[in-house]
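J.: model this:
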Amino acid sequence: MSGILDGKRILITGVLMESSIAFHAAKVAQEQGAEVILTAFPRPTLTERIAKKLPKPAKVIELDVTNEEHLGRLEGVVREELGGLDGVVHSIGFAPQDALGGNFLNTPFESVATAMHVSAFSLKSLTMALLPLMPEEEGGAVVGLTFDAQFAWPQYDWMGPAKAALEATNRYLARDLGPRNIRCNLVSAGPIGSMAAKSIPGFGELAKVWDSRSPLQWDMADPEPAGRGIVALLSDFFPKTTGEIIHVDGGVHMMGA
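T.: The predicted structure follows:
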């Protein structure tokens, strides 16, 4: 039986652990027929170990999205491996510890700048580094991961404005890359007990919101629904959807009280 990503070549960032949403996006993408290549930073060996749990082998490339040299060589490495590209998954976010956990009013700009560079600007720099690999006629799909930036969340602090910047960056990319038939969308996922989540002080307090407010039962230990949302947006089933944020959060985003 054919899958919805048959013949697609997809680059996926952010596979750190088996609990990563990106891991499940890679797993479902392979199950749906895609050829997948992964990027990793700062420990490619960790990602290589996790990649062995995927249904099929996947090459891992070291990529620091803030490093111009890494970005500059990315096109050549991917072209050699896959010949071209049909989709990109941006699952990258980072803020220094002093930008999280209730320190919003005292965070220095240097830490805010790091959060913005890694978590938001990198969507543009990664996409532009890979743009020459996406054929102009067929275009492609860029899918990123956000955590609903309409609200101020407990403990999330400067990652909130960083995600707001990511969401705005996605809209502008969608505007400027539409003529090349490249769709740019985000998945806004509910809380998952991944390594990234555990690095946020007081994350458990934030996650409790889902226990009482989610219309659909939410399981923090199950990243697959978000991974499936990413794969759907990479597929040709959303041919005219761009600049969009698809919520995979059990419905919490639409609850008033």
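J.: contacting residues around Phe237?
T.: Ile4 (CB atoms under 8 Å, 6 or more residues apart in numbering). Using the backbone N, CA and C atoms, a C-beta is placed for each residue, glycine as well.
J.: Assign it to helix, strand or coil.
T.: Secondary structure, DSSP: H, G, I helix; E, B strand; the rest coil: Phe237 is coil.
J.: got it, and Val231?
T.: Val231 - assigned by three-state DSSP - is helix.
J.: what's near enough to touch it?
T.: Ile4, Leu5, Ala25, Val28, Ala29, Gln32.
J.: Equivalent analysis for Pro215, please.
T.: Here Pro215 is in contact with Gly250, Gly251, Val252, Met255 (CB under 8 Å, 6+ apart).
J.: Recalculate using a threshold of 10 Å.
T.: Gly250, Gly251, Val252, Met254, Met255 (CB atoms under 10 Å, 6 or more residues apart in numbering).
J.: Please list only the buried members of these.
T.: With burial judged by 16 or more other CB atoms under 10 Å, the buried subset of those is Gly250, Val252.
J.: With respect to Pro44, which of the contacts of Pro215 is nearest?
T.: Within those, the smallest distance to Pro44 is 33.3 Å, found for Gly250 (CB to CB).
J.: pLDDT averaged over whichever strand or helix holds Arg183, what's the number?
T.: Per DSSP states H and E, Arg183 falls inside strand 182-189. Mean pLDDT, computed over strand 182-189, is 98.
J.: With stretch 240-257 instead?
T.: Stretch 240-257 comes out at a mean pLDDT of 95.
J.: Stretch 134-153 now?
T.: If you average the pLDDT values across stretch 134-153, you get 93.
J.: from the chain's centre, how far out does that stretch sit?
T.: From the chain centre to the centre of stretch 134-153 is a distance of 8 Å (CA atoms, centre = their mean, to the nearest Å).
J.: Likewise for stretch 193-212?
T.: Counting by CA atoms, centre = their mean, stretch 193-212 comes out at 18 Å from the chain centroid.
J.: Please, where are all the helices along the stretch 101-250 of the chain?
T.: 109-116, 122-130, 159-177, 195-198, 203-213, 224-234 (DSSP state H, counting those that start in this stretch).
J.: how about JSON lines for those, with distance to Val143 and mean pLDDT added?
T.: Output for those, formatted as JSON lines (distance: least, CB to CB, whole Å; pLDDT from 0 to 100):
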{"stretch": "helix 109-116", "distance to Val143": "20", "mean pLDDT": "98"}
{"stretch": "helix 122-130", "distance to Val143": "10", "mean pLDDT": "98"}
{"stretch": "helix 159-177", "distance to Val143": "9", "mean pLDDT": "98"}
{"stretch": "helix 195-198", "distance to Val143": "17", "mean pLDDT": "65"}
{"stretch": "helix 203-213", "distance to Val143": "22", "mean pLDDT": "82"}
{"stretch": "helix 224-234", "distance to Val143": "5", "mean pLDDT": "98"}
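J.: Just name the most buried of the ones you listed.
T.: Highest mean neighbour count of the helices of the stretch 101-250 of the chain: helix 224-234, a mean of 24 (counted as mean count of other CB atoms under 10 Å).
J.: Spatially central residue for the protein, please.
T.: Ser91 (2.4 Å; CA atoms, centre = their mean).
J.: Tell me where the stretch 1-150 of the chain is predicted with low confidence.
T.: Counting by pLDDT under 70, the stretch 1-150 of the chain contains low-confidence ranges at 1.
J.: No further questions, thank you.
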